[in-house]
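In: sequence and predicted structure are below.
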Number of protein chains: 2
Amino acid sequence: MMLQRLQGPRIFVESGKELVHEGQHQHSAYVLCSGWAYTYKGLPDGQRQIIDIQIAGDLLGIRSLLLKTSDQSIVTLTEVEVRKINTERLSDVFRSAPRLALALLWAISRDEAMMVEHLVSLGKRDAIMRTVHMLLELGARAELVGLGTSQGFGCPISQNILADALGITPIHLNRVLRQLRESKLLVFKDGLVTFIDRKRLIESFQMDFAYLNQDIASVKKR
Amino acid sequence: MMLQRLQGPRIFVESGKELVHEGQHQHSAYVLCSGWAYTYKGLPDGQRQIIDIQIAGDLLGIRSLLLKTSDQSIVTLTEVEVRKINTERLSDVFRSAPRLALALLWAISRDEAMMVEHLVSLGKRDAIMRTVHMLLELGARAELVGLGTSQGFGCPISQNILADALGITPIHLNRVLRQLRESKLLVFKDGLVTFIDRKRLIESFQMDFAYLNQDIASVKKR
DNA sequence: CGCGCTCTTGACTAGGGTCAAGTGCAGTGG
DNA sequence: CCACTGCACTTGACCCTAGTCAAGAGCGCG
């Protein structure tokens, strides 16, 4: 990617830190080079809904990049390595490299496709399906960047956090995980997700992950 | 907006037609000049989750604009007037008018902010809150483009469709609407939403619609 | 050692889904 | 003019998924 031109120096951040805070005015976007993070939105009553979970190669905070104040918070799940994206030069770069603008747009589109899928999960899938879907998606993405195999992947997410992403309570998530474990479909233990019977998982839950492998439209080829 | 340069001629489409179909390859984006539409994603079991509802002034299909195949369908709720957005010239336009690229990015961001809010609703709010939130949001947006007042607005959405957007069954939505009617908060009848006690609605449900009025970040001013 | 964290499990409850039946149209055709 | 059909909306009875409350286990850490 030509995104290099937009990037600042490497920054290392420890686990559990807030990279961007909801309501923050001077916020920037980052490329996540290594480690895990998640984006959430808080509710007035103190609850929070996790919007998405990011791994190496993902962009952080592009969503609210152009908004004056970020409406979401970003928190690290592990130690991470990020590079700040230089937003002041955006418009210059677009002029000199319009294809980069398209690349950025494409990255955002992929991001949105995942968010849409998440939204569908919360709207129409029950707890087990949500859980399976999320873990399979994370597994597929981890595999794409070499952080896992088709058998499983290291997943530094606590049940509390995963539950906040899935829109269910940690207690119920725990029950679901037990159920999946007992029916020999997958195991999530000690930060390690193991797909025992991946084929059966995908089939019996009718999952479709095409949206992860979206090609860029012909628009770019010119 | 300078979006004019990207637009094709006016097109009129009747109510209930699919503008873009899920899985379609040659799909384009549109500006919705008048009328209502919604975007949904279908599930293998025949259900569907409505992602968002669009009114005059909104963009249709920008989300999957850069993806080879659209993963969502767009359907008209009324007769609509749209203008096709010329995507072949995108990269040219970006070169000559990089600020337009930013404007587009900004439009996408606002769009995403609404989607995030929708996601939060599905994840963390119960049926009444979801309903109130959705109707207040639609009301605020309708008011912004002159299609309603703070008292209410014309809302050409059937309970079935609204339920599919809210992630609840039409039956339950009906119960919720009755409850809201009986507690003298709002009435949704004959395609007309009337806020009886808007202040109490917003207060008792702790709604925050700041995300609808996001200013563009300073990035653009250069 | 005790505190705090994540995880686990059980018992009970409630919000929302399912099933089923009925009402009130607008459209259509006899 | 009056069936007859189809659709959007209502409402009731019942059930099940997931939330709540409560308690305990295992573990890293000051």
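Out: That came in fine, so what should we check first?

In: only C-alpha atoms for contact and neighbour calcs from this point on.
Out: OK.

In: show me what contacts residue A:197?
Out: A:184, A:185, A:186 (Cα atoms under 8 Å, 6 or more residues apart in numbering or on different chains).

In: so the last one is in contact with residue A:192, correct?
Out: Meaning residue A:186. No. At 10.4 Å, residue A:186 does not count as touching residue A:192 under the criterion of Cα atoms under 8 Å.

In: all strands for chain A, in order.
Out: A:7-13, A:18-20, A:29-34, A:37-42, A:48-54, A:59-60, A:73-76, A:80-85, A:152-154, A:186-189, A:192-195 (DSSP state E).

In: out of these, deepest packed?
Out: For the strands of chain A, the largest average neighbour count (mean count of other Cα atoms under 10 Å in any protein chain shown) is found in strand A:59-60, namely a mean of 24.

In: state the mean pLDDT of stretch A:27-43.
Out: Across stretch A:27-43, pLDDT averages out at 93.

In: ok, and what's touching that stretch?
Out: Residues contacting stretch A:27-43 (Cα under 8 Å, 6+ apart): A:20, A:22, A:48-62, A:65, A:69-87, A:156, B:120.

In: go again using 6 Å as the cut-off
Out: The contact list for stretch A:27-43 (Cα atoms under 6 Å, 6 or more residues apart in numbering or on different chains) reads A:48-62, A:72-85.

In: that one vs DNA strand C: in contact?
Out: No. Using Cα under 7 Å from any atom of the strand, stretch A:27-43 stays clear of DNA strand C, coming no nearer than 14.2 Å.

In: is there proximity between that stretch and DNA strand D?
Out: No. Stretch A:27-43 stays clear of DNA strand D (Cα under 7 Å from any atom of the strand), getting no nearer than 13.8 Å.

In: kindly export that stretch (C-alpha atoms) in PDB.
Out: The C-alpha coordinates for stretch A:27-43 follow below in PDB (Å, rounded to 0.1, in the frame of the first residue of the first chain):
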ATOM      1  CA  HIS A  27      -8.000  12.700  17.700                       C
ATOM      2  CA  SER A  28      -6.200  11.000  14.900                       C
ATOM      3  CA  ALA A  29      -6.300   7.800  13.000                       C
ATOM      4  CA  TYR A  30      -3.700   5.100  13.100                       C
ATOM      5  CA  VAL A  31      -2.500   2.000  11.300                       C
ATOM      6  CA  LEU A  32      -2.300  -0.900  13.700                       C
ATOM      7  CA  CYS A  33       1.000  -2.600  12.900                       C
ATOM      8  CA  SER A  34       0.800  -5.300  15.600                       C
ATOM      9  CA  GLY A  35      -1.300  -6.200  18.500                       C
ATOM     10  CA  TRP A  36      -5.100  -6.100  19.100                       C
ATOM     11  CA  ALA A  37      -7.500  -3.300  19.900                       C
ATOM     12  CA  TYR A  38     -11.200  -2.600  20.100                       C
ATOM     13  CA  THR A  39     -13.500   0.300  19.400                       C
ATOM     14  CA  TYR A  40     -16.500   1.000  21.600                       C
ATOM     15  CA  LYS A  41     -19.200   3.400  22.200                       C
ATOM     16  CA  GLY A  42     -20.300   4.200  25.800                       C
ATOM     17  CA  LEU A  43     -23.900   4.600  26.900                       C
END
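
In: say whether DNA strand D is contacted by the lengthiest helix in chain A.
Out: Under DSSP state H, the helix in chain A containing the largest number of residues is helix A:98-124. No. Contact of helix A:98-124 with DNA strand D (Cα under 7 Å from any atom of the strand) is absent, the minimum separation being 9.3 Å.

In: and chain A, which residues reach chain B?
Out: A:49, A:63, A:66-68, A:88, A:91, A:94-95, A:98, A:106, A:109, A:119-120, A:122-123, A:167, A:215-217, A:219 (Cα under 6 Å from any Cα of the partner chain).

In: pull out the buried members of those residues.
Out: A:49, A:63, A:66-68, A:91, A:94-95, A:98, A:106, A:109, A:119-120, A:122-123, A:167, A:216-217, A:219 (16 or more other Cα atoms under 10 Å in any protein chain shown).

In: ok, residues contacting the helix or strand of chain A with the lowest mean pLDDT?
Out: In chain A, the helix or strand scored least confidently by mean pLDDT, DSSP states H and E is helix A:90-96, which has a mean of 77. Contacts of helix A:90-96 from elsewhere in the structure, counted by Cα under 6 Å, 6+ apart, are A:101, B:95, B:98.

In: give me that answer again for 7 Å
Out: The contact list for helix A:90-96 (Cα atoms under 7 Å, 6 or more residues apart in numbering or on different chains) reads A:100, A:101, B:94, B:95, B:96, B:98, B:99.

In: just the pLDDT at the closest residue to residue A:112 other than its chain neighbours, thanks.
Out: Distances taken as Cα to Cα, 6 or more residues apart in numbering or on different chains place residue B:63 nearest to residue A:112, at 6.9 Å, with adjacent residues excluded. pLDDT, residue B:63: 86.

In: leaving out chain neighbours, which residue sits closest to residue A:37?
Out: residue A:76 (4.1 Å).

In: what residues are up against the one you found?
Out: A:15, A:16, A:17, A:18, A:36, A:37, A:38.

In: and the residue nearest to the last one when sequence neighbours are not counted, how far from residue A:204?
Out: Which is residue A:38. Once flanking residues are discounted, residue A:38 sits nearest to residue A:53: 4.3 Å by Cα to Cα, 6+ apart. With distances taken as Cα to Cα, to the nearest Å, residue A:53 is found 25 Å from residue A:204.

In: circling back: would you turn the strands of chain A into a markdown table with distance to residue B:44?
Out: Output for those, formatted as a markdown table (distance: least, Cα to Cα, whole Å):
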| stretch | distance to residue B:44 |
| --- | --- |
| strand A:7-13 | 41 |
| strand A:18-20 | 37 |
| strand A:29-34 | 33 |
| strand A:37-42 | 28 |
| strand A:48-54 | 23 |
| strand A:59-60 | 30 |
| strand A:73-76 | 33 |
| strand A:80-85 | 37 |
| strand A:152-154 | 25 |
| strand A:186-189 | 22 |
| strand A:192-195 | 23 |
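
In: closest to residue B:211 out of the ones you listed?
Out: strand A:37-42 (11.9 Å; Cα to Cα).

In: list the strands paired with that closest one, with their directions.
Out: Sheet pairing for strand A:37-42, assigned by DSSP bridges, gives strand A:48-54 (antiparallel), strand A:73-76 (antiparallel).
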